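>>> Mind folding the following:
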Amino acid sequence: MKEGIQSFKSDKYEETLFTELALRVKKRKEFDSQLGQVKFSMSLRNRALAMSFPIGNYILYVYAEPDADYKELPEKILGIIQDYNFNFS
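Predicted coordinates for the structure are as follows:
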């Protein structure tokens, strides 16, 4: 976490956020047979760039500054995932 940045408001808020994220990731899998597997998803918000990367049965969730390079950053993260051959299934 960047210095001076406060984490989520509460554990309940965090739980709600991650539950919603998990449901979205699960729903996207319904289209894998037609479109292929999701490599990552991204949401640009006023105060954050939010990205999720499904890795097996897990999800890597990354927040960045809203002005982050939203083409380069996810490609770097995908490279790290591939380099380390993460497979948590």
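>>> For the chain, which segments are assigned as strands?
Taking DSSP state E as the test, the strands found in the chain are 41-44, 49-55, 58-64.
>>> Distance to Leu23 and mean pLDDT added to those, as CSV?
C-beta here means a position set from N, CA and C on the backbone, and glycine is covered the same way. Converted to CSV, the strands of the chain look like this (distance: least, Cβ to Cβ, whole Å; pLDDT from 0 to 100):
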stretch, distance to Leu23, mean pLDDT
strand 41-44, 12, 94
strand 49-55, 12, 93
strand 58-64, 11, 91
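>>> Tabulate these in CSV, adding columns for mean neighbour count and distance to Leu35.
Putting these into CSV (neighbours: other Cβ atoms under 10 Å; distance: least, Cβ to Cβ, whole Å) gives the following:
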stretch, mean neighbour count, distance to Leu35
strand 41-44, 14, 13
strand 49-55, 18, 14
strand 58-64, 16, 18
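>>> I'd like the ones you listed as CSV, with distance to Glu15 appended.
Formatted as CSV, the entries for the strands of the chain read as follows, by distance: least, Cβ to Cβ, whole Å:
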stretch, distance to Glu15
strand 41-44, 19
strand 49-55, 16
strand 58-64, 13
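>>> now the chain, which segments are flagged as low pLDDT?
Using pLDDT under 70 as the threshold, the predicted model of the chain has low-confidence ranges 1-2, 5-9, 86-89.
>>> remind me, longest helix of it?
helix 11-28 (DSSP state H).
>>> how about that helix: buried residues?
Leu21, Val25 (16 or more other Cβ atoms under 10 Å).
>>> Report all helices and strands that it contacts.
Using 3 or more Cβ pairs under 8 Å, 6 or more residues apart in numbering; DSSP states H and E, the elements in contact with helix 11-28 are strand 41-44, strand 49-55, strand 58-64.
>>> Great, nothing more from me.
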